[in-house]
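A.B. asks: 3D, please:
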Amino acid sequence: MSANSDLHHAAVLDTGSYDEAFDVIVAGYGFAGGIAAIEAADAGASALVCEKMPNAGGLSICSGGTIRCASDAQGAFQYLKATNAGRTPDDVLKTLADGMAVAEDYVKRLIARVDGASLKPQETMGKRAGNYPFPGEDSFYNLQVQLTKGYDRAQLFPQVRTRPGSGGPEMFWAINENIRQRGIEVRRSTPVLRLIRSQDNEVRGVVIGGTGGERRIAARRAVVLACGGFEWNEDMKRQYWEGMPVLTASSRGNTGDGIHMAHRLARNCGTCGTSTVAMHSSTRTLIFRLRCASNAFPTGILPAKRRPMSRWCRLSSTRTAAAT
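C.D. replies: Alright, predicted model coming up:
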């Protein structure tokens, strides 16, 4: 991770002075950012979505748009445990598996609000099982959203170049319609530049950029970092990717912003300190207390404590930063 990028994303101290305030601020508007904002709104929170690119959707809108589901949560857990080979805690894998088991119902609730939206027939979805012959491989199946009424992909998303059979634009349209119907504010060409933190490293808000210059926005409940990966950050690719060169089809906005901000926040807390971070999926949010790993690796982030999603937006006194 380059020193210049790290410094650019360094958190700033809370001075108590803000230009505006929301309960939840989401950085990045792809599938993850959109779902995070929807979940916040449905929990009664005011939400703001900040997307640094002029067109929303990130990498998600260019993807196949396939939602990986599971018919059996326990089978999915067994498969995920085998594929992760002890590198991921069981409770994290269990959360993912449980979410995959209810993902179909969640998508159905989303598209029920979108005129002309439906699920593609299962016989058109191709491979159903996992990729490897591990226990639970037969637990998985795929879903895609299709739109059949008043929908012209080329007109709505002229910037997107993807296969005609992919479902990324359709899934994003369904999410965007849910965002619009809930009145959630979305600001495009508005990058989240830095986190705002207290002296004890509690996240209090963000500094955003844009045509009007920098603004400080308070987050009463949470900041969700859904900024994508680093496929367009050459320094990070050289540091973390084993093979070079790699030609990606990702969004040019994927420059590792959220990763840099989270690392800087962890570094500020010192090797014995902690920072609160909420990790969000389409079906569940886990709130972590993060600590630096060791003196030998001061920028490492390890989970120290978790709380379930049911308490996320109810914790009026808890301000959190979220990493994906």
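A.B. asks: alpha carbons only for contacts and neighbour counts from here, please
C.D. replies: Noted.
A.B. asks: any stretches of this structure with poor pLDDT?
C.D. replies: 1-8, 124-127, 268-324 (pLDDT under 70).
A.B. asks: need the longest helix for it.
C.D. replies: helix 90-111 (DSSP state H).
A.B. asks: name the residues that touch that helix?
C.D. replies: For helix 90-111, the external contacting residues (Cα atoms under 8 Å, 6 or more residues apart in numbering) are 67-74, 76-77, 80-81, 117-119, 143, 174-175, 178, 282-284.
A.B. asks: now do the strands in the stretch 101-250 of the chain.
C.D. replies: 117-119, 140-143, 145-147, 185-187, 192-197, 203-208, 215-225 (DSSP state E, counting those that start in this stretch).
A.B. asks: could you list the buried residues of stretch 13-25?
C.D. replies: Residues of stretch 13-25 classed as buried by neighbour count (16 or more other Cα atoms under 10 Å): 13-14, 21-25.
A.B. asks: same deal with stretch 37-45?
C.D. replies: Quick answer for stretch 37-45 (16+ other Cα under 10 Å): 37-41, 45.
A.B. asks: can you check stretch 101-111 too?
C.D. replies: Going by neighbour count (16+ other Cα under 10 Å), the buried part of stretch 101-111 is 101-104, 107, 110-111.
A.B. asks: please identify which of the residues you listed is nearest to Arg267.
C.D. replies: Ala103 (35.1 Å; Cα to Cα).
A.B. asks: state the distance from that closest one to Cys69.
C.D. replies: 6 Å (Cα to Cα, to the nearest Å).
A.B. asks: can you check Ala56 too?
C.D. replies: Ala56 is 25 Å from Cys69, by Cα to Cα.
A.B. asks: repeat that for Thr148.
C.D. replies: With Cα to Cα as the criterion, Thr148 and Cys69 are 23 Å apart.
A.B. asks: between those two, which is the more surrounded one?
C.D. replies: Set Thr148 next to Cys69 and count neighbours by other Cα atoms under 10 Å: Cys69 wins out with 23 against 11.
A.B. asks: any idea which element the more buried one lies in?
C.D. replies: strand 67-70 (DSSP states H and E).
A.B. asks: do the same with Met261
C.D. replies: Going by DSSP H and E, Met261 is in helix 257-268.
A.B. asks: helices or strands next to that helix in the packing?
C.D. replies: Applying 3 or more Cα pairs under 8 Å, 6 or more residues apart in numbering; DSSP states H and E, one finds that helix 257-268 contacts helix 3-8, strand 192-197, strand 274-280, strand 285-294, strand 297-307.
A.B. asks: quick one: that helix to strand 203-208, angle?
C.D. replies: 140 degrees (axes from the mean of the first three to the mean of the last three Cα atoms, to 10 degrees).
A.B. asks: just use 581 as the starting number from now, easier for me
C.D. replies: Sure, I'll start counting at 581 from here, so that last one is helix 837-848.
A.B. asks: what residues sit buried inside helix 837-848?
C.D. replies: Buried residues in helix 837-848 (16+ other Cα under 10 Å): 837-848.
A.B. asks: picking that back up, so what strands line up beside the strand holding Cys649?
C.D. replies: strand 720-723 (antiparallel) (DSSP bridges).
A.B. asks: what does the partner strand contact?
C.D. replies: Residues contacting strand 720-723 (Cα under 8 Å, 6+ apart): 646-652, 656, 684, 699-700, 702, 705, 707-710.
A.B. asks: please repeat the previous calculation with a cut-off of 10 Å.
C.D. replies: With contacts defined as Cα atoms under 10 Å, 6 or more residues apart in numbering, strand 720-723 is touched by 645-653, 655-656, 659, 680-681, 683-684, 687, 699-702, 704-711, 747.
A.B. asks: show me how to select, in PyMOL, the buried members of those.
C.D. replies: Buried residues within the contacts of strand 720-723, by 16+ other Cα under 10 Å, are selected in PyMOL with:
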select buried, resi 645+646+647+648+649+650+651+652+653+655+656+659+680+681+683+684+687+708+710+747
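A.B. asks: and for Gly823, the neighbour number?
C.D. replies: Gly823: 8 neighbours (other Cα under 10 Å).
A.B. asks: from Ala681, how far off is it?
C.D. replies: For Gly823 relative to Ala681 (Cα to Cα), the value is 34 Å.
A.B. asks: please apply the same query to Ala734.
C.D. replies: 33 Å.
A.B. asks: again with Thr668
C.D. replies: Distance, Thr668 to Ala681, by Cα to Cα: 19 Å.
A.B. asks: contacts only, for Met633.
C.D. replies: So Met633 contacts 608-609, 767-771, 831-834 (Cα under 10 Å, 6+ apart).
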